[in-house]
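*Asks:* fold the following.
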Amino acid sequence: MTTQKERTVIVTGAAQGIGYAIAKSFVENGDFVAIFDLNLDAAEKASKELGNAKGYSVNVADEEQVKGAINELIDERGSLDVVVNNAGLQFISPVEDFPLEKWNLLLDVILTGTFLVTKHALPQMKQQQKGRIINISSAHGRIPDAYKSAYVAAKFGVVGFTQTAALETAQDGITVNAIMPGPVRTELVEKQLPNLAEQDGTTVEEALNHHILGKQWMKRLLEPSEIGATAVFLASDGAAAITGESVGVTGGM
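*Replies:* So this is what the prediction gives:
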């Protein structure tokens, strides 16, 4: 996929779920992965399982933590080649009942976190005149869904930020793209189903079909590894002319 061996890759929120699968895909590609996660124990456990990886305790919404961790990584590795901004979370509520603190939390992690990690990765990438930034948006970055106002707003924002960062770095050997996953088999999806069912007054199975699979053509949950494979491609030499794009990996939506 790439002529450069053992690149230095950051994946945020990589202790579990889609982030873990993305990290695993890069390790299997021959790269070193820095796992940035709020939970250091989980990050270190994941890094041991993956092998060529290291866990870092990072709150992506805290600029000093982000800057410090990136500088530490560059000091240790001497380069920073790929960043995957994946950290995220979900909260389900109608707009009129949505707590402000939850709104702020989701935007801080998903949107501000993507901005901060990108901001502090770019100087090293510009110095190298080469880099790949991949932001994990969502199918909900182009298709809204009820009760997910903060998540949808943040994921739409990630798409706009991706295009702006891509425009600014297009002549620096850097590409910036987004992946828009559809329904993926993760704990995040499984946990939100009872809440969706409660909001709708339906069963969990009905909520799965209505909110998760109802708009999808393939009618199946995607595997996290399918998102990981897309990230590895976007970071490859073969994707050098792809920038500012939002790639849907949705199963058809």
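*Asks:* please make it C-alpha for all contacts and neighbour counts, starting now.
*Replies:* OK.
*Asks:* just the buried positions in the lowest-mean-pLDDT helix or strand in the chain, please.
*Replies:* Lowest by mean pLDDT, DSSP states H and E among the helices and strands of the chain is helix 187-200, with a mean of 80. Residues of helix 187-200 classed as buried by neighbour count (16 or more other Cα atoms under 10 Å): 188-189, 192-197.
*Asks:* now those in a markdown table, with distance to Pro181?
*Replies:* Formatted as a markdown table, the entries for those read as follows, by distance: Cα to Cα, whole Å:
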| residue | distance to Pro181 |
| --- | --- |
| Leu188 | 13 |
| Val189 | 12 |
| Gln192 | 16 |
| Leu193 | 17 |
| Pro194 | 21 |
| Asn195 | 21 |
| Leu196 | 19 |
| Ala197 | 22 |
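*Asks:* how about the helices in the chain?
*Replies:* Ranges of helices within the chain are 17-28, 40-50, 63-77, 100-107, 113-128, 149-169, 187-200, 204-207, 224-234, based on DSSP state H.
*Asks:* just checking, what packs against the least confident helix or strand of the chain?
*Replies:* In terms of contact count using 3 or more Cα pairs under 8 Å, 6 or more residues apart in numbering; DSSP states H and E, helix 187-200 is assigned the packing partners helix 204-207.
*Asks:* looking at the helix it packs on now, give me its mean pLDDT.
*Replies:* For helix 204-207, mean pLDDT rounds to 84.
*Asks:* centre of the chain to that helix, how far?
*Replies:* Between the mean C-alpha location of helix 204-207 and the chain-wide mean there is a distance of 26 Å, by Cα atoms, centre = their mean, to the nearest Å.
*Asks:* begin at 342 from now on, thanks
*Replies:* Okay, using 342 as the starting number, the last item reads as helix 545-548.
*Asks:* where does the prediction get shaky in the stretch 342-491 of the chain?
*Replies:* Low-confidence segments of the stretch 342-491 of the chain (pLDDT under 70): 342-345.
*Asks:* before we move on, the earlier item: most tightly packed of the helices of the chain?
*Replies:* helix 358-369 (a mean of 24; mean count of other Cα atoms under 10 Å).
*Asks:* which residues touch that helix?
*Replies:* By Cα atoms under 8 Å, 6 or more residues apart in numbering, the surrounding residues in contact with helix 358-369 are 350, 352-355, 373-374, 376, 387, 391-394, 427-428, 525, 527-529, 565-566, 568-570, 572-573.
*Asks:* switch to 6 Å and redo it
*Replies:* Surrounding helix 358-369, the residues in contact under the criterion Cα atoms under 6 Å, 6 or more residues apart in numbering are 354-355, 527, 565-566, 569.
*Asks:* could you single out the nearest of those to Ala519?
*Replies:* Using Cα to Cα, Gly569 comes nearest to Ala519 of the contacts of helix 358-369, at 12.6 Å.
*Asks:* excluding chain neighbours, what is closest to the closest one?
*Replies:* Ile363 (3.9 Å; Cα to Cα, 6 or more residues apart in numbering).
*Asks:* what separation is there between that neighbour and Leu508?
*Replies:* Taking Cα to Cα, to the nearest Å as the measure, Ile363 falls 25 Å from Leu508.
*Asks:* need the contact list for Lys489.
*Replies:* By Cα under 6 Å, 6+ apart, the contact set of Lys489 is Ile433.
*Asks:* who does it bridge with?
*Replies:* Beta-bridge pairing of Lys489, defined through DSSP bridges, involves Ser434.
*Asks:* hang on, isn't Val352 packed against Ile376?
*Replies:* Yes: between Val352 and Ile376 a contact is recorded at 5.4 Å, counting by Cα atoms under 6 Å.
*Asks:* with neighbour numbers in mind, choose between those two.
*Replies:* Ile376 (28 against 24; other Cα atoms under 10 Å).
*Asks:* who touches that one in this structure?
*Replies:* With contact taken as Cα under 6 Å, 6+ apart, Ile376 is in contact with 352, 355, 395-397.
*Asks:* between the residues you listed, which sits nearest Ile474?
*Replies:* Within these, distances to Ile474 taken as Cα to Cα reach their minimum at Val352, with 10.2 Å.
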